[in-house]
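**Q** Got a predicted structure plus its sequence, pasted below:
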Amino acid sequence: MNPVLARTLRSLQRNILAGILTIGPLFVTYLIFSFLFGFLAKAGLPVVQLLGVIFPEEWPSQPWLQSVLAILLTLGVLYVAGRVTSQVIGRQALSLFEASLERLPFIAKVYGSVRQLLDTMMAKKESSQRVVLIDFPIPGQKSIGFLTRTMTDSTSGELLAAVLMPNAINPTSAFLQVLPIDRVTETDLTMEQAMSMLMTGGAVGPETICFTKPALLADQDVTPPVPSA
């Protein structure tokens, strides 16, 4: 190959790689905020459009301004809901509401599952929930998951792990895997670090990770045997 052409190709490759490293994090950040803002706007837009029908003259007609108002409205509702449920009366009202939902079989199952999932995702480090790695999609390639519980195989007595595996960039979409506990590798990642890695496609994360740490034990404490003298 012509030396001049080879140098040109190497320079082009370096510049493209530098551009990817520069634009990549910005693009991932844009995707994340676009998803979040789109979700917030979609949640509040029906109310904004209804107010536009009620007050057609005073209400803005620009779509972008309606989206901004919808986002602010959704954030306001979330803030008020969180503030109310953090109070004693709010907690009692929430408990009464959840008790009422338990009378609706299908809705109670869906609501209970979603509530348990969110509680698990927001669990503190000292809880039984842990950030783990499992071999997926093929052995040798590991994916981040959240160990939500352990159970026992009724046939063989083998200890199993239920691992929730959120998708990168969009962790609200996930799937559940049940696998032997010895195929699960515990990490030293916190929930915040794991979520940052998932939301940014790995662009944000710790410098080190326990990738080859031995498989974790059961949730119960296991006392090693004392060697005899």
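**A** Arrived safely.

**Q** and the residue lying closest to Ala70 once chain neighbours are set aside, what element?
**A** Nearest residue to Ala70 in three dimensions, chain neighbours excluded: Gly44, at 3.5 Å (Cβ to Cβ, 6 or more residues apart in numbering). Every residue, glycine included, has its C-beta placed from N, CA and C. Gly44 is part of helix 3-54 when elements are defined by DSSP states H and E.

**Q** okay, now the residue nearest to Ala70: neighbour count?
**A** Applying other Cβ atoms under 10 Å, we find 22 residues neighbouring Gly44.

**Q** wait, what's in contact with it?
**A** Leu69, Ala70, Ile71, Leu72, Leu73, Thr74, Val77 (Cβ atoms under 8 Å, 6 or more residues apart in numbering).

**Q** I'd like to know which of the residues you listed are buried.
**A** Buried members of the contacts of Gly44, scored by 16 or more other Cβ atoms under 10 Å, are Leu69, Ala70, Ile71, Leu73, Thr74.

**Q** SS state for Thr155?
**A** Using DSSP: H, G, I helix; E, B strand; the rest coil, the secondary structure recorded for Thr155 is coil.

**Q** gap between it and Ala162?
**A** Distance, Thr155 to Ala162, by Cβ to Cβ, to the nearest Å: 17 Å.

**Q** When those two are compared, which one has more neighbours?
**A** Set Thr155 next to Ala162 and count neighbours by other Cβ under 10 Å: Ala162 wins out with 15 against 6.

**Q** wait, that one sits on Phe175?
**A** No. At 11.5 Å, Ala162 does not count as touching Phe175 under the criterion of Cβ atoms under 8 Å.
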